[in-house]
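Student: sharing a model prediction with you, sequence too.
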Amino acid sequence: MVIFGASGDLTERKIVPALYYLSRERLLPPGFSVIGCGRTPFTDDQFRAKMQEAVAEHLQLPAEEKAAFASGFGKGIFYLTGDFSQAAPYEQMKALLDRLDHERGTCGNRLFYLATPPSFFPVTIRQLGAAGLARPKDPSCNWTRIVIEKPFGRDLTSARDLDQTVTEVFNENQVYRIDHYLGKETVQNLLVLRFANGVFEPIWNRRYIDHVQISVAEDLGVENRGSYYEEAGLLRDMIQNHVMQLLSLVAMEPPATFLATAVRDEKAKVLRAIRAIPVERVPEFAVRAQYAEGFARGLKVPAYRAEPKVARDSVTETYAAFKFYIDNWRWADVPFYLRSGKRLAKRASEISIQFRRVPHLLFRDTPSEQIDPNLLAIHIQPDEGISLRFSAKAPGPTMQIRPVVMDFRYGESFGASPPTAYETLLLDCMLGDATLFNREDAVELSWELMDPILTRWKEDGAKGLAFYEAGTWGPAEADKFIKADGRRWQRL
Ligand SMILES: NC(=O)c1ccc[n+]([C@@H]2O[C@H](COP(=O)([O-])OP(=O)(O)OC[C@H]3O[C@@H](n4cnc5c(N)ncnc54)[C@H](OP(=O)(O)O)[C@@H]3O)[C@@H](O)[C@H]2O)c1
C-alpha cells in the first residue's frame, strides 16, 4: 500500500492505526508493506518511529505491544521523500515496489491511497498513469486499486473534471472513493435493520412514516483547520458526502443482492429521485448559519470569525439545515430534514424515523396529539445503537400514557466497541468489495443537488446568514424552519 500524504494528519490518526489493527487481527498477510510518501524528509526508521508513536497513542497500546509493533508490522513500513507532483519520485517508487514484491513476497498487488490535499489528486493520478503504475503488473493474478479521500470536487464541475482525470488513468472498478461514514457499524447496520428483519420494511414508506431527520452534530469548532474550512464550509464538508450518503441508505429500495453494483445502483436511483431545489427557492428549503462566541464543555470559545485563519467578515456556514423531498412512490410528500453543524451542544449523529400519529385514540382524556408518535432512532455516534420509542401505560389507577424506549446498544449487546470505520473500509478495499464506497454517478448526483444551493448562498453573501451561540443547538431560524411544518428537531 502506498500512501500519498503520509506525513499528514490522516495517515497518523486513522490510516496507519487502522492497518495495524487489521494486522493484529491477522487480517493482513505477513508481508504486507506500506510505503509512505510526503515532502517532509524522513528516513525509513524515522517514519517507522513516528508511526509507532501515532499507533501507540491512537490505539492506546501497552509498552510491550510497542515492541511487537517495532519487530513486526513496523518492519514493513517504508518512506519515500519527494514532491509527488513531479515525475522523478515515481521511478523510485516503482523500484521500491518491485523490491518489496521480491523481498517481502507482496506479489504485485498495489493499493494507492491519496491522502494529500485534494488539489494534488489530479496530478498524482496523472503521474501514476505516466509511470505505468495504474495498471496491474500481471492482470491475470494482480490488482491495482486507488483510494481517493474526500472531498471529491468542490462543486459539480470540479467533481466531473476530477472524474475525467480518474477515468483517463484508472477503470472505475479500480477506484474506491472513500466516505468513512459508510464504514461505521451503525451505518452498515442500517441495511441489516432494514433488509434482514421482516418487521420494518413493510412500514418503511409514506403510509407510516411522517418524516425523517438526519442530524450530524459536532461540539468542536474548526480547530486549526480554519483555512480549509473557509474554502469548504459545512455543506461541502458534511452534507454533500456523509449526510447525502446516509439519506440514500435510509431511502433506497431493497437491492437484489448485497453486491456492490446492486447496492450502488439503488443508492444512485434515490439520489436521482430527490427533488432539486431551484436557486430562487433555496431560502424556503435551507437555512445556513455561523457560530458566534459561546461556551463549549464549560469553557468560553471564540466566534468562528475570530478563529485562526478565518476572515473577520467570513460568511462561511458552520451550520446548515435542509428539507428535501424524494419524488417516488415510497416517499412522495415525506420530508427529509437534514442538519449538521459545528460547535453545537454535543457530538451526536443520528437518523430519526418518525412514524405517523395514531389516527384515533380510544383512551379517554388523552387526545392523540398528546401522545408522542413512534420514533426509531439510529444512533451513529458516539454511542452506536438503535432505539424505538413507543407509548406505554404508566403504572397507577388512571390511564396515563408515557413514552418509553426499547434500546439496543452495540457495546452492551456485543461486549466490544466496533472498530472505527477505516479498518472496515481498508479491508473491503483490499478484498475488492466496493459496496461501501462511492461511485462516480452518486458523487455527481449529490453535487447536482448541492450546486443551486451553493450558487444562491454565494450570491446572497451575508444576506440570510444566521448566527448561533457556540455550544447551543443552532440558530433560532432552524427551529422556525421546521416549526413552520408543525414539527420540531429531535433532541439528540
Ligand atoms: N484529517 C482528517 O481527519 C481527514 C478526514 C477526512 C478526509 N481527509 C482528507 O484527507 C486528505 C489529507 O488530509 P490531512 O488532514 O492528512 O492533510 P495534511 O495533514 O495537510 O497532510 C497533507 C499531506 O499531503 C502531503 N503533500 C502535499 N502536497 C504534496 C506533494 N506535492 N507531494 C507530496 N506530498 C504532498 C503533505 O506532505 P508534507 O507536509 O510533507 O509537505 C502531507 O503529508 C485531505 O484530502 C483531506 O480532505 C482528512
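Tutor: Noted; the coordinates are in hand. Everything numeric in this text was worked out from a predicted model, so none of it was measured.

Student: tell me which residue of this protein lies closest to the ligand.
Tutor: Residue of the chain nearest the ligand, by C-beta to the nearest ligand atom: residue 8 (2.1 Å). Quick note: C-beta positions are derived from backbone N, CA and C, even for glycine.

Student: you'd agree that residue is up against residue 40?
Tutor: No. Contact between residue 8 and residue 40 fails when scored by C-beta atoms under 8 Å: they sit 9.2 Å apart.

Student: so for these two, which residue has more residues nearby?
Tutor: Counted by other C-beta atoms under 10 Å, residue 8 and residue 40 do not tie: residue 8 has more neighbours, with 17 against 12.

Student: residues contacting the more buried one?
Tutor: By C-beta atoms under 8 Å, 6 or more residues apart in numbering, the contact list for residue 8 reads 38, 115, 116.

Student: just residue 343 next, same as before
Tutor: Residue 343 neighbours (C-beta under 8 Å, 6+ apart): 218, 219, 220, 221, 291, 294, 296, 301, 304, 318, 470, 471.

Student: just the ones in strands from those, please.
Tutor: Judged by DSSP state E, the contacts of residue 343 include 291, 294, 296, 301 as members of strands.

Student: okay, the residue of the chain most remote from its centre: pLDDT?
Tutor: Distance to the chain centre peaks in the chain at residue 397, reaching 49.2 Å (criterion: C-alpha atoms, centre = their mean). For residue 397, the pLDDT comes out at 85.

Student: which SS state does it fall under?
Tutor: What DSSP: H, G, I helix; E, B strand; the rest coil gives for residue 397 is coil.

Student: that's a helix at residue 459, yeah?
Tutor: Yes. The assignment for residue 459 is a helix, going by three-state DSSP.

Student: residues touching it, list them.
Tutor: Contacts of residue 459 (C-beta under 8 Å, 6+ apart): residue 279.

Student: that one and residue 452, how far apart?
Tutor: Noted for residue 459: a distance of 11 Å to residue 452, by C-beta to C-beta, to the nearest Å.

Student: and what of residue 76?
Tutor: In this view, residue 76 and residue 452 are 48 Å apart by C-beta to C-beta.

Student: equivalent analysis for residue 354, please.
Tutor: 27 Å.

Student: go through stretch 310-323 and flag the buried ones.
Tutor: Buried residues in stretch 310-323, counted by 16 or more other C-beta atoms under 10 Å: 310, 314, 315, 316, 317, 318, 319, 320, 321, 322, 323.

Student: quick check: nearest residue in space to the residue nearest to the spatial centre of the chain, chain neighbours excluded?
Tutor: In the chain, the residue lying closest to the centroid (C-alpha atoms, centre = their mean) is residue 181, at 3.1 Å. Among residues not flanking residue 181 along the chain, residue 242 sits closest, at 4.2 Å (C-beta to C-beta, 6 or more residues apart in numbering).

Student: can you give me the neighbour number for that neighbour?
Tutor: Burial of residue 242 is recorded as 22 neighbouring residues (other C-beta under 10 Å).

Student: that one reaches residue 184, doesn't it?
Tutor: No. Counting by C-beta under 8 Å, residue 242 does not reach residue 184; the two are 9.7 Å apart.

Student: hmm, back to that, would you list the contacts of residue 8 in CSV and tack on pLDDT, neighbour count and distance to residue 390?
Tutor: Below are the contacts of residue 8 laid out as CSV (pLDDT from 0 to 100; neighbours: other C-beta atoms under 10 Å; distance: C-beta to C-beta, whole Å):
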residue, pLDDT, neighbour count, distance to residue 390
38, 95, 22, 53
115, 96, 23, 45
116, 94, 22, 49
